[in-house]
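Asks: Attaching a predicted model along with its sequence, questions to come.
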Amino acid sequence: MNPASLHKLLAGLPLGGLRYFDSLGSTNDEALAWAADGARDLSLVIADEQTSGRGRAGRKWSAPPATALTFSLILRPVPAPPEEAEFNPSLFTGLGAAALADALKPRGLEPRIKWPNDVLLDGKKVAGILAEAVWTGDALDAAVIGIGVNARAGSNPPDETLRFPATNLEAELGRPVERGELLRDILSALIGWRAKMRGGELIKAWEENLAFRGQEVRVWQGSEQPLAGRVAGLASDGSLLLLVNDKIVTVQFGETRLRPAL
Ligand code: BTN
């Protein structure tokens, strides 16, 4: 991946700007700062190496050079009817997840989205999404969707840090993947889904790709005892619907952790 080839590959997309780094702390941090500094809608930050990348709940997501695909896209709330001016981290995460699923399927893979923010292949995590926001007072200035994909061999996190089994695209496909082409396909799908974020279409696509659907799982929220139930689907705001003792329980996006029941 280099800036010249990226510019060429992404030329057909309506990006507002592009910042490429050989090495960067976190593409989300750079995108949040750029958004606060006036970045245009659909501005993109991409790094070949990420040295202090962040995951949900303050976890680390670093990526050695030339292995992972790590990028962040800035979305301004445009068009801006009142309902767009809110930041629902769940929906923005679902937007990234649905785009990832769309980009992986034509490559012969069967991605599943583990609610709320992981993409799995064959039951192992291959990608994660971190949606964050920039505010001016109570008004949403921009949303940032950060995506990290274990693309090439060597991009899996170190074993001792794993909270869930991990894999990478190269291992699953048995051949290397071209990260620039994958980026183009994810962005293209994401821009398409963004226009359909409201009105149920995105939720439907997300739900169709949901991992463990109909299966027993445990969901931890904070330090509470886990909730045991069957994955029933998603609510219209992207919350998880669990069937617990014949009743649907809604699990809000937040400090949650979901695992299949053994
Ligand atoms: C998670 O699994 O908890 C989410 C991981 C998100 C990682 C990506 S990599 C690109 C972007 N920059 C970051 O610092 N984090 C996200």
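Replies: The structure has been received and is ready for your questions. Numbering: from 1, shown residues only.

Asks: Enumerate the residues of this structure near the ligand.
Replies: 26-28, 50, 53-56, 59, 61, 70-72, 117-118, 128-130, 146-148 (Cβ under 6 Å from any ligand atom). (C-beta placed from N, C-alpha, C; glycine too.)

Asks: 8 Å instead?
Replies: By Cβ under 8 Å from any ligand atom, the part of the chain that sits against the ligand consists of 25-29, 31, 47, 50, 52-57, 59, 61, 63, 68, 70-72, 117-118, 125, 127-130, 146-148.

Asks: out of those residues, which are buried?
Replies: 26-29, 31, 47, 50, 53-56, 61, 63, 68, 70-72, 117-118, 125, 127-130, 146-148 (16 or more other Cβ atoms under 10 Å).

Asks: Sitting in strands, which of these do you find?
Replies: Among these, the ones falling in strands (DSSP state E) are 47, 50, 70-72, 118, 125, 127-130, 146-148.

Asks: now these in CSV, with pLDDT?
Replies: Formatted as CSV, those follow (pLDDT from 0 to 100):
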residue, pLDDT
A47, 97
Q50, 96
T70, 98
F71, 98
S72, 98
D118, 96
K125, 95
A127, 97
G128, 96
I129, 97
L130, 97
G146, 98
I147, 98
G148, 97
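
Asks: ok, so of the residues you listed, who is nearest V251?
Replies: D118 (15.1 Å; Cβ to Cβ).

Asks: Show me where this protein has its strands.
Replies: In the chain, the segments counted as strands under DSSP E are 17-24, 43-50, 69-75, 111-114, 118-121, 124-136, 139-149, 216-221, 227-234, 240-244, 247-251, 256-260.

Asks: Give me the phi and psi angles of E178.
Replies: Main-chain dihedrals, E178, degrees, to the nearest 10: phi -90, psi 110.

Asks: chain center to stretch 137-157: distance?
Replies: From the chain centre to the centre of stretch 137-157 is a distance of 6 Å (Cα atoms, centre = their mean, to the nearest Å).

Asks: Figure out the length between the terminal residues of it.
Replies: The first residue of stretch 137-157 is 37 Å away from its last residue (Cα to Cα, to the nearest Å).

Asks: One more: stretch 161-168?
Replies: 16 Å.

Asks: Return the most buried member of the strands of the chain.
Replies: Mean neighbour count (mean count of other Cβ atoms under 10 Å) peaks for strand 69-75 among the strands of the chain, with a mean of 26.

Asks: Run the angle between it and strand 43-50 for me.
Replies: Going by axes from the mean of the first three to the mean of the last three Cα atoms, to 10 degrees, strand 69-75 is angled at 160 degrees with respect to strand 43-50.

Asks: For strand 69-75, give me every contacting residue.
Replies: Residues outside strand 69-75 that contact it (Cβ atoms under 8 Å, 6 or more residues apart in numbering): 16, 27-28, 30-31, 34-35, 39-47, 50, 53, 61, 63, 92, 142-149, 151, 179, 182-183, 187, 190, 194.
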